[in-house]
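Enquirer: What follows is a predicted protein model with its sequence.
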Amino acid sequence: MAADYTTETIHADRVNGGEIEVDVDGEKNRLDIQQLRNRIPAHCFQPSTIRSLVFVFNDAVIFVALLATALSLENRVDRITGLLIRYVVYPFLAGLPLTGLWVLAHECGHGAFSRNKTIASSVGFVLHSALMSPYFAWQSSHARHHQYANHMTKDLNYVPPLRQEYSELFRSKIHLDDMIEDAPVVVLLRIVIQQVIGWPWYLLTHITAAPESSPKKSRGWWDNNHFDPMSSLFRPNEFWNIVASDVGLVSVGILLYFLGQLYGSSKLAWTYVMPTVMITYLHHTSPKLPKYSPGSWTYLRGALATVDRDPGFLLRHSFHHIIDLHVTHHLFPRIPHYHAQEATEAIRPLLGDHYHVDKGSYWRALWVAFTQCQWVEPDPTRTAQARVFKDSDDDKGVLWYRPGPMPKPATMMRS
């Protein structure tokens with residue numbers, strides 16, 4: 001089944017991007033998305049099917065080798081070492097190539113894997129289904145995230161509450177200007193909860209999405225999931241794509257059932273279910289990054305409210321630069337990961353202070369995000385310093401993170 005490569009669902013980098021003011025070497029200029037595109041060499045926008053498939057093959061081989069090694073050691077080591085391999089060493093190592101495959105499938109959804117839509121859709125469908133991720137359903141919602149990144153009413157990922165909404169989460173029992181931080185153990189527990197169940201719960205409930213992020217009006221809490229072809233998340237013409245996603249997941253589920261019957265459910269649990277990682281939350285969550293109200297948002301501003309982070313050599317390459325070159329990915333999602341470094345180096349001189357990068361500890365950044373990024377409000381002083389607005393009234397629509405205690409975990413999409 002060929003993917004829907006319409007402007008709204010895939011080619012978000014073609015929409016009207018707006019302008020920003022840049023100050024490079026003391027010289028102020030206006031910058032738009034077309035100027036950035038023109039600076040990037042043309043070949044960076046041309047994916048190679050063969051090269052992309054080689055990356056798929058490499059990740060698959062690494063995973064199979066790790067699995068074979070873990071299984072061969074299972075009965076050759078003492079009990080304590082065996083448990084350590086099963087539940088610590090193997091899940092972490094296996095999670096690297098499996099996440100690499102997930103990222104490559106994600107590139108299929110953006111048109112960055114191959115110019116052949118049938119090949120891209122087929123590879124993406126197989127890989128995401130094998131990893132129990134609904135390919136066409138997530139492709140649709142994720143493309144809208146790219147188109148409306150950091151838009152306070154239309155973005156689909158980790159949209160923070162405004163001052164009043166945040167206060168109401170505590171039933172107005174706290175004073176936002178005089179708050180205390182959560183105990184470290186509470187922060188750690190919430191981080192663990194997010195990393196363990198955040199992704200499947202998002203697929204089920206569309207949690208953390210903005211109220212107007214769905215193309216249709218929701219009929220209730222049960223109507224905001226990635227599995228119902230009539231869900232509020234999808235348009236009528238996407239019905240059969242969502243059905244195909246479900247068929248892929250059911251097929252893999254049946255295969256896993258028979259593998260569990262053949263090899264044992266416990267072995268299946270630690271070889272397939274256990275590998276996990278965390279990525280998405282830190283792409284757009286930082287005290288240094290703004291969010292935008294509808295009147296202040298443009299594609300360019302939203303895409304640039306993204307930070308490149310350094311997760312270390314191993315994760316950089318295992319995850320195909322989805323973390324350390326994410327700014328370019330949001331500006332031009334059709335650029336394949338193996339051209340992202342060249343594209344970033346081409347446009348970085350134009351962006352000046354609008355290019356955000358954090359070379360500090362990836363794990364510390366997660367802690368900072370959880371403790372310092374709870375809600376947002378206007379800050380005209382910071383907005384003026386960031387030079388992100390075009391007129392004197394626009395500064396109130398640029399919103400900045402504020403710290404505070406964490407409210408109870410949300411269980412459904414905000415209305």
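Expert: Structure's in. What do you need?

Enquirer: Spatially, which residue comes closest to residue 53, not counting chain neighbours?
Expert: Nearest residue to residue 53 in three dimensions, chain neighbours excluded: residue 123, at 7.5 Å (Cβ to Cβ, 6 or more residues apart in numbering). For the C-beta atoms, the positions are set from N, CA and C on the backbone; glycine is no exception.

Enquirer: just the helices in the stretch 301-415 of the chain please.
Expert: 313-318, 326-331, 337-351, 362-372, 380-386 (DSSP state H, counting those that start in this stretch).

Enquirer: ok, which stretches of the stretch 1-150 of the chain are strands?
Expert: Secondary structure of the stretch 1-150 of the chain (DSSP state E, counting those that start in this stretch): strands at 19-24, 27-32.

Enquirer: Can you check the pLDDT for the nearest residue to residue 399 once chain neighbours are set aside?
Expert: Once flanking residues are discounted, residue 399 sits nearest to residue 376: 3.8 Å by Cβ to Cβ, 6+ apart. On pLDDT, residue 376 comes in at 95.

Enquirer: For the residue nearest in space to the middle of the chain, what are phi and psi?
Expert: For the chain, the residue nearest the mean C-alpha position is residue 280 (3.5 Å; Cα atoms, centre = their mean). Dihedral angles of residue 280 (phi, psi; degrees, to the nearest 10) stand at phi -60, psi -40.

Enquirer: Next one: the closest residue to it other than its chain neighbours from residue 283, what distance?
Expert: Distances taken as Cβ to Cβ, 6+ apart place residue 157 nearest to residue 280, at 6.3 Å, with adjacent residues excluded. As judged by Cβ to Cβ, to the nearest Å, residue 157 and residue 283 stand 8 Å apart.

Enquirer: before we move on, what about residue 415?
Expert: Remark: distance between residue 415 and residue 283 (Cβ to Cβ) = 25 Å.

Enquirer: Can you pick out the residue with more neighbours from the two?
Expert: Applying other Cβ atoms under 10 Å to residue 415 and residue 283 shows that residue 283 carries more neighbours, namely 23 against 7.

Enquirer: Residue 382: neighbour count?
Expert: The burial count for residue 382: 16, using other Cβ under 10 Å.

Enquirer: right, and it touches residue 399 too?
Expert: No: counting by Cβ atoms under 8 Å, residue 382 does not reach residue 399; the two are 9.9 Å apart.

Enquirer: shared neighbours, these two?
Expert: Listed as contacting both residue 382 and residue 399 by Cβ atoms under 8 Å, 6 or more residues apart in numbering are residue 290.

Enquirer: which one of the helices of the stretch 301-415 of the chain is the most hemmed in?
Expert: For those, the largest average neighbour count (mean count of other Cβ atoms under 10 Å) is found in helix 326-331, namely a mean of 26.
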